[in-house]
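Engineer: sequence isn't available, so here's the structure alone:
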């Protein structure tokens, strides 16, 4: 199964270490593969270092794709993180 979503970064500092860690920690709880793309670059969503190379800042859009048996649940969890601003919004 494959699921895909476009998510908008809403925390002021974008994808720095803490949000990347939050995405990876969440994704590792799922069996499905997670890929994250920004401006033509796609990385492994279960790798903090790879996520940080996206340099996604405030208002950037990420295309998030999950493949596997729990793909939709994985995307729901990641979307909640991103939409909450990783608990960094005012």
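Structural biologist: Right, received. Where do you want to start? Note that the structure is a prediction, hence the values are computed from the model and not measured. Residues are numbered from 1 along each chain as shown.
Engineer: got the contact list for stretch 58-71?
Structural biologist: Residues outside stretch 58-71 that contact it (C-beta atoms under 8 Å, 6 or more residues apart in numbering) are 1-14, 30-39, 45, 54, 56, 72, 74-75, 78-79, 82. C-beta coordinates here come from the backbone N, C-alpha and C atoms, glycine included.
Engineer: please spell out the PyMOL selection for the buried subset of the residues you listed.
Structural biologist: With 16 or more other C-beta atoms under 10 Å as the criterion, this PyMOL line picks the buried residues out of the contacts of stretch 58-71:
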select buried, resi 3+7+9+10+11+14+30+32+33+34+35+36+37+38+45+54+56+74+75+78+82
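Engineer: among the contacts of stretch 58-71, which ones are in strands?
Structural biologist: 2-8, 33-38 (DSSP state E).
Engineer: need the max-distance pair from those.
Structural biologist: Spatially, the most separated pair among the ones in strands among the contacts of stretch 58-71 is 8 and 33, at 22.5 Å (C-beta to C-beta).
Engineer: follow-up on the earlier one: out of the ones in strands among the contacts of stretch 58-71, who's nearest residue 18?
Structural biologist: residue 36 (15.9 Å).
Engineer: how much space separates the closest one from residue 71?
Structural biologist: When C-beta to C-beta, to the nearest Å is the yardstick, residue 36 and residue 71 sit 14 Å from each other.
Engineer: what do you get for residue 47?
Structural biologist: Here residue 47 is placed at a distance of 18 Å from residue 71 (C-beta to C-beta).
Engineer: more neighbours, these two?
Structural biologist: Between residue 47 and residue 71, counting by other C-beta atoms under 10 Å, residue 71 is the more crowded of the two (20 against 16).
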